[in-house]
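Novice: Take this sequence and fold it.
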Amino acid sequence: MVFFYTLASAPNMTCYVGRDKHENEELIKWGWPEDVWFHVDGHSSAHIYVRLEKGQTIADLSEDVIEECCQLTKANSIDGCKLNNIKVVYTPWANLKKTATMDAGQVSFFKPREVRSFMVTKKKADIINPLEKTKTERPVDLKWEREQRDTEERHEERMAAVAKKDAEKLQREEDRRKADLKNYVGFTDTSNMTSNKEPIDLDDFM
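Specialist: Numbers count the residues shown, from 1 in each chain. A predicted model of the protein is given here:
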């Protein structure tokens with residue numbers, strides 16, 4: 001079961017959370033390239049994810065979305081929810097590094113420089129209380145959803161490759177048509193024609 005939230009700052013953006021550290025393992029394993037991961041720095045907390053649209057990057061997250069997710073992350077930390085001035089780190093899902101020696105729910109990063117942070121000075125009830133009211137829970141086959149996503153992406157890539165190939169073929173045909181037309185006009189241009197007749201000297205007939 002996965003918890004889902006509706007962000008006031010981005011109602012159409014998927015925001016989801018694992019129930020426990022074991023489910024977090026599944027989220028780490030089957031996350032999407034479009035996902036951004038949030039976690040309280042230095043304390044245990046839930047793994048909060050938001051899903052971007054294809055083609056978007058972490059830089060496309062608005063300040064409101066970042067703050068809302070960080071407030072949610074703080075609220076879902078046993079220690080962090082009691083403290084002020086909590087730093088929440090966030091990074092693309094693809095930057096999460098998991099090794100066999102790590103405990104359940106534990107991660108590191110492939111590229112630490114790609115990890116960003118946001119300081120939550122204190123709980124903002126006007127943000128977290130409405131957000132908690134949107135919380136729903138439903139079963140999700142994370143593996144199946146990721147495989148479906150990848151299948152659709154491969155199909156889109158194949159279609160794009162076919163469209164590109166067709167466009168290139170049409171362009172070649174158009175270039176050839178223009179070249180043929182240019183050669184034909186040049187061939188029929190009378191200024192380029194010569195005669196095989198000798199010039200007539202009119203004095204010969206006088």
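
Novice: For the biggest strand by length in the chain, list every residue counted as buried.
Specialist: Of all the segments of type strand in the chain, defined by DSSP state E, the longest one is strand 10-18. Within strand 10-18, the residues that count as buried by 16 or more other Cβ atoms under 10 Å are 10, 13-18. The C-beta positions use only the backbone N, C-alpha and C, and glycine is treated the same way.

Novice: Make a markdown table from those residues and add distance to A161 and pLDDT to it.
Specialist: Supplementary listing: the buried residues of strand 10-18 in a markdown table, determined by distance: Cβ to Cβ, whole Å; pLDDT from 0 to 100:
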| residue | distance to A161 | pLDDT |
| --- | --- | --- |
| A10 | 32 | 96 |
| M13 | 30 | 96 |
| T14 | 28 | 95 |
| C15 | 33 | 97 |
| Y16 | 32 | 97 |
| V17 | 37 | 96 |
| G18 | 36 | 90 |
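
Novice: ok so, going back, what strands line up against the longest strand of the chain, and which way round?
Specialist: Each strand that strand 10-18 pairs with, and the sense of that pairing, follows from DSSP bridges: strand 2-7 (antiparallel), strand 48-51 (antiparallel).

Novice: which stretches of this structure form strands?
Specialist: Secondary structure of the chain, counting by DSSP E: strands at 2-7, 10-18, 35-40, 48-51, 86-92, 96-97, 108-109, 116-120, 136-138.
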